[in-house]
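Chemist: turn this into a model:
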Amino acid sequence: MSLTGKTIGFIGAGAMAEALAGGLLAAGVARPRLLAADVDEARRQRVESALEIRTTADNAELVEHSDVVVLAVKPNVVGPVLEELFGAGSVDPTRSLWVSIAAGVRIAALESQLSGAARIVRAMPNTPALIRCGATAYCGNARAGDEDLAAARSLFDSVGISWQAPAEELLDAVTGLSGSGPAYVFAFLEALIEAGVGVGLPRDVAAQLAEQTLYGAARLARESDRSAAELRQQVSSPGGTTLAGLEQLDTLDLAGALREAVAAATRRARELGEAS
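Modeler: Predicted coordinates:
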């Protein structure tokens, strides 16, 4: 593991930081190598109880003791946190690798507060990381070397899969697809459950069958050597029930709706990035 021997600190001890720290523990990182900082005492106590790692209310203390610093705060908090850390010039931002998971905060904005000499990786994880089934894309700045990028990959591979984007601009598209994608799936799941209720199934049964169907289909797609199109064709017998349902989805242009959803989320990600 590229994080062997490194101390990883999380500024912000929310759900995503807890998920990443838990993934690292499962991957073999020793507890003394993990540290989390948060102003919320309740969050610190939760992380201490759940993961048995050290926490602090002092961000500067965390940075001083961390080889990798993960910015796991809300996007609107990144600026104030960094300003407080480096406003007095008492902390060296070039000592650590900085990994930001703050949505929409671009590398240039981070460099303006961390200094142009800082090593930075910006990443876009998604919420299934909470159960170690996440999909993350990441991109480093010019100062981030191969070892830094390998460390970031190890971090995000501990909670799912990761992909190194060749250009930061692609993170907006990643946000539109996998960052926002779980919500599209949840919306589809809601609709599928309601459809099952509509044809006479009890709601709890419709929910159980729909959830397992989505889970099983996604797992089959991940583990099969066939493409999604091939898997769809495999279960679409001429004149059969599945084809009848798919024809309705084509008529309603499900594919077009998903294209528009991903495009709209991508545009919004770009707008937020331009404003950061």
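Chemist: please count neighbours and contacts with C-alpha atoms only from this point.
Modeler: OK.
Chemist: who's sitting farthest from the centroid in the chain?
Modeler: Relative to the centre of the chain, and counting by Cα atoms, centre = their mean, the farthest-placed residue is Gly239 at 41.2 Å.
Chemist: and that one, helix, strand or coil?
Modeler: coil (DSSP: H, G, I helix; E, B strand; the rest coil).
Chemist: quick one: it from Glu247, how far?
Modeler: 11 Å (Cα to Cα, to the nearest Å).
Chemist: repeat for Ala30
Modeler: Taking Cα to Cα, one finds Ala30 at 53 Å from Glu247.
Chemist: looking at these two now, which is surrounded by more residues?
Modeler: Higher neighbour count among Ala30 and Glu247: Ala30, with 15 against 11, using other Cα atoms under 10 Å.
Chemist: check that one and give its pLDDT.
Modeler: pLDDT for Ala30: 95.
Chemist: next one: the one 5 residues further on
Modeler: On the pLDDT scale, Leu35 is placed at 97.
Chemist: and it, which of the three is it?
Modeler: Secondary structure of Leu35, per three-state DSSP, is strand.
Chemist: can you count the residues close to the nearest residue to it once chain neighbours are set aside?
Modeler: Excluding the flanking residues, the one nearest Leu35 by Cα to Cα, 6 or more residues apart in numbering is Gly9, at 4.6 Å. Gly9 is flanked by 31 other residues according to other Cα under 10 Å.
Chemist: wait, is Gly9 part of a helix?
Modeler: No - counting by three-state DSSP, Gly9 falls outside a helix, being strand.
Chemist: that one contacts Glu61, correct?
Modeler: No - assessed by Cα atoms under 8 Å, Gly9 is found out of contact with Glu61, at 9.9 Å.
Chemist: look up how far Arg226 lies from Asp250.
Modeler: 22 Å.
Chemist: same deal with Glu260?
Modeler: From Glu260 over to Arg226 (counting by Cα to Cα), the distance is 26 Å.
Chemist: just Ser237 next, same as before
Modeler: 17 Å.
Chemist: repeat that for Lys74.
Modeler: 39 Å.
Chemist: same question, Ala206
Modeler: Taking Cα to Cα, one finds Ala206 at 28 Å from Arg226.
Chemist: more crowded one of the two?
Modeler: Ala206 (19 against 13).
Chemist: ok, that one - contacts?
Modeler: The neighbourhood of Ala206, defined by Cα atoms under 8 Å, 6 or more residues apart in numbering, consists of 193-194, 196-197.
Chemist: of those residues, closest to Ala118?
Modeler: Ile193 (48.6 Å; Cα to Cα).
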